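Q: After the sequence you'll find the predicted model.
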Amino acid sequence: MLKKEITVMHEQGLRARAAALFVQLANKFTSDIIVEKDTKKINAKSIMCVMALGLGKGQKILVTIDGPDEEEAMKDLVNFLEETQLIL
């Protein structure tokens, strides 16, 4: 199990298009991926859950990943969240 605190760096935060791309990336992995903000814990593979967090630029989240591909998943998700602009 891996845990890491990450600061969201996208200009618009993790809303709409960025949230959809984040969920799409999370779903490429078989590991369980949980995102925590304050007291809320959500499944990172659910677009509705990710959008409900309403993450803005500069907000800190805790990402927990548990499974066979957890290291690759953490690397890719951290890279995605720390980018300042979407690369389409």
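A: Received, thanks. Numbering: from 1, shown residues only.

Q: surely A52 meets K37?
A: No. Between A52 and K37 there is no contact under Cβ atoms under 8 Å: 10.1 Å. Glycine gets a C-beta too; all of them are placed from N, C-alpha and C.

Q: V8 and Q59 touch, don't they?
A: Yes. Applying Cβ under 8 Å, one finds V8 in contact with Q59, separated by 5.2 Å.

Q: Show me which of these two is the more surrounded one.
A: Neighbours per residue, other Cβ atoms under 10 Å: of V8 and Q59, the larger number sits with V8, 22 against 16.

Q: Just list the residues touching that one, thanks.
A: L14, L55, G56, K57, G58, Q59, K60, I61, L81 (Cβ atoms under 8 Å, 6 or more residues apart in numbering).

Q: So the last one, which state does it fall into?
A: The local conformation at L81, judged by DSSP: H, G, I helix; E, B strand; the rest coil, is helix.

Q: Which helix or which strand is home to L21?
A: helix 16-26 (DSSP states H and E).

Q: Then T64?
A: Assigned by DSSP H and E, T64 falls in strand 60-66.

Q: Name the residues of that strand that come out as buried.
A: By neighbour count on 16 or more other Cβ atoms under 10 Å, the buried set for strand 60-66 is I61, V63, T64, I65.
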